[in-house]
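Peer 1: Build the 3D model from these lines:
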Amino acid sequence: MRIEEMISAIQKELGISVDGKAGPQTWGAIYQRIVPQKSADTEPTATVTTVDSRSEKAIATLLPEVQPMARALVHKAASVGITIKIISGLRTYAEQNALYAKGRTEPGSKVTKAKGGYSNHNFGIAFDIGVFEGNKYLDESPKYKAVGALGVDLGLEWGGNWKTIVDQPHFQLRPDWAKNMTEKQMLAELRNRHNSGGGVYV
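Peer 2: Got it, this is the predicted structure:
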């Protein structure tokens, strides 16, 4: 049996759209079927145990509200046999501008469309993961979609669900005040709060 036929059979059994492709909907349905669901009042807290040292270095740059969520995602992925590490956290405006310059005014390929102040990484609410097999980093793997479903279940926003710039390694914790805002509106308010010294989650 070909892989497309197997995926189609799984999709039919799960009662979702059948197209033979393992996209976010398929991974989410598989996750819902095989992973026990947490009760609605159990959210990650600061008591979530630490993870690997590389991840912890990136996690330490995130806001306190985001840190337990990042650790919880690492643990949750491990519970279904997927090894991930947090490989990027907070970036300063200067660091973001340096990334933006690549492929534009500096040598290399373009790696971001966001200048300083226009990335959620600049405010400590976003992080990127890497999927690993042993010590080998996988820049492409269907496991990113599986981890995406896990992150959404935790309450994180996943870049793999974005319509314009799909960013499967990216996760962020959207503030409650920004729930009904567009990404552009939220970033504008984050810049205002950054400039005035205001808190992100208050």
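
Peer 1: and the gap between residue 173 and residue 18?
Peer 2: 34 Å (CB to CB, to the nearest Å). In this view, the C-beta of every residue, glycine as well, is placed from N, C-alpha and C.

Peer 1: Looking at those two, which has the bigger crowd around it?
Peer 2: More crowded of residue 173 and residue 18, by other CB atoms under 10 Å: residue 173, with 24 against 15.

Peer 1: Tell me if residue 17 really is in a helix.
Peer 2: No: counting by DSSP: H, G, I helix; E, B strand; the rest coil, residue 17 is not part of a helix but coil.

Peer 1: Not counting its neighbours along the chain, what's nearest residue 194?
Peer 2: Residue nearest to residue 194 in three dimensions, not counting chain neighbours: residue 123, with 6.3 Å by CB to CB, 6 or more residues apart in numbering.

Peer 1: Tell me the confidence at that neighbour?
Peer 2: For residue 123, the model assigns a pLDDT of 98.

Peer 1: Might you report the residue contacts of it?
Peer 2: Residues in contact with residue 123 (CB atoms under 8 Å, 6 or more residues apart in numbering) are 63, 90, 190, 193-194, 200.

Peer 1: again, only using 10 Å
Peer 2: By CB atoms under 10 Å, 6 or more residues apart in numbering, the residues touching residue 123 are 62-63, 66, 90-91, 117, 172, 175, 186-187, 190-191, 193-194, 200.

Peer 1: State the distance from the closest residue to residue 18 other than its chain neighbours to residue 34.
Peer 2: Here the nearest residue to residue 18 in space, its sequence neighbours aside, is residue 11; by CB to CB, 6+ apart that works out to 4.5 Å. As for residue 11, its distance to residue 34 is 15 Å (criterion: CB to CB).

Peer 1: For the two, indicate the residue with more neighbours.
Peer 2: Under the criterion of other CB under 10 Å, the comparison of residue 11 against residue 34 puts residue 11 first, with 21 against 8.

Peer 1: Return the distance of that one relative to residue 143.
Peer 2: 18 Å.

Peer 1: so where does the most centrally placed residue in the chain fall, helix or strand?
Peer 2: Residue closest to the average C-alpha location in the chain (CA atoms, centre = their mean): residue 171, at 2.0 Å. Residue 171 belongs to strand 170-172 when elements are defined using DSSP states H and E.

Peer 1: so what does that strand touch, helix or strand wise?
Peer 2: Counting contacts by 3 or more CB pairs under 10 Å, 6 or more residues apart in numbering; DSSP states H and E, strand 170-172 packs against helix 67-79, strand 126-133, helix 143-154, strand 157-158.
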